[in-house]
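Student: predicted model and sequence follow; I will ask about them next.
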Amino acid sequence: MSRVLAPLAALGALTLAVLAAFGRIAIYAGETISHLVRPPFYFREFLTQLLQVGYFSLPVVGLTTIFTGGALALQIYAGGARFNAEAVVPQIVAIGMVRELGPVLVGLMIAARVTSSIAAEIATMKVTEQLDALVTLSTNPMKYLTLPRVLAAVIVVPLLVAVGDVIGIMGGWLVATGTLGFNSAAYLQNTADFLQASDIFSSLAKGAVFGFIAALMGCYYGMNSGRGAQGVGKATKGSVEAAAVLILAANFVLTGVFFST
């Protein structure tokens, strides 16, 4: 009997561990949001994070999306040629970048660049007892470290998504007009006619959610890291893994919410 129940017990223990982890993250997120309405607010730290999360992420966002847009145009043209449907390249590139690839790629790039940086920074502060020093100075670490980073990401990542969408579409345009023989004016006109306001809104909304997840995971794993260099490494790795998985899961849920018919 014990051999039969052992796998079930292991599955139950894993399920409880996962639910407990989600519960701790949800409580942490709730505490972070609650600090929005409670002073003080560290505006200088917030402005610093706007630059760190937004401005300094522009190069990697731009390079990622322009190559993706170009590759998407090539793939759609090659696939459409099998059905004499090459003309749909501008429409599919536009909707693919704005609805899905733009937000997801930007979210994953932010997870790789910003989440890891936040987790490593806060975990190092914990190891070197700087968090304890903040508490000694009557400064709440969540209010000083977590809230500015999460709020900055929620505001800036949608802007990065908008920039990434435009650059991705321009990447498709460059390939289509430069190598595939499309007319430039017709390509841009088809793109503008095909996109709808709901597509753009969903893209920006996804960006806000992905930014919240990315910054929150970095702060959460940093605050709960173990001691020593190994603890910092585990916190950094865990934060990126959790952020990437949650971003992809959130993308699936949001796509169902926005585009289910």
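Tutor: Nice, I can see it.

Student: going by C-alpha atoms from here, please, whenever you check contacts or count neighbours.
Tutor: Noted.

Student: show me what contacts residue 49?
Tutor: 148-149, 152-153 (Cα atoms under 8 Å, 6 or more residues apart in numbering).

Student: quickly find the element holding the spatially most central residue of the chain.
Tutor: By Cα atoms, centre = their mean, the chain has its centre lying nearest to residue 107, at 2.3 Å. In the assignment (DSSP states H and E), residue 107 maps to helix 102-110.

Student: and the nearest residue to residue 50 once chain neighbours are set aside, what is it in contact with?
Tutor: Spatial nearest neighbour of residue 50, excluding adjacent residues (Cα to Cα, 6 or more residues apart in numbering): residue 152 at 5.2 Å. Residue 152 makes contacts with 46-47, 49-50, 53, as judged by Cα under 8 Å, 6+ apart.

Student: can you check residue 167 too?
Tutor: Applying Cα under 8 Å, 6+ apart to residue 167 gives the contacts 62, 65-66, 69.

Student: tell me the confidence at it?
Tutor: Note for residue 167: predicted pLDDT of 95.

Student: farthest pair within the contacts of residue 49?
Tutor: The most widely separated members of the contacts of residue 49, counting by Cα to Cα, are 148 and 153 (8.5 Å).

Student: relative to residue 247, how far out is residue 159?
Tutor: 17 Å (Cα to Cα, to the nearest Å).

Student: and for residue 221?
Tutor: Distance from residue 221 to residue 247, by Cα to Cα: 16 Å.

Student: between those two, which one's more packed in?
Tutor: For residue 221 and residue 247, the more surrounded residue by other Cα atoms under 10 Å is residue 221, and the numbers stand at 28 against 25.

Student: distance of residue 107 relative to residue 143?
Tutor: Between residue 107 and residue 143 the distance is 24 Å, computed by Cα to Cα.

Student: now the phi/psi pair for residue 196, please.
Tutor: Torsion angles at residue 196 (phi, psi; degrees, to the nearest 10) stand at phi -120, psi 160.

Student: what ranges in the chain fall below the confidence cut-off?
Tutor: By pLDDT under 70, the weakly predicted segments of the chain are 1-2, 261.

Student: let's go with 80 and repeat that
Tutor: 1-9, 80-86, 260-261 (pLDDT under 80).

Student: right, and the helix or strand after the particular helix or strand that has the residue nearest to residue 50 in it?
Tutor: Residue 152 belongs to helix 147-178 when elements are defined using DSSP H and E. On the C-terminal side of helix 147-178, the nearest following helix or strand under DSSP H and E is helix 184-194.

Student: now do the following helix or strand past that following helix against helix 102-110, angle only.
Tutor: Counting by DSSP H and E, the element after helix 184-194 in chain order, helix or strand, is helix 197-223. Calculated by axes from the mean of the first three to the mean of the last three Cα atoms, to 10 degrees, helix 197-223 forms an angle of 20 degrees with helix 102-110.
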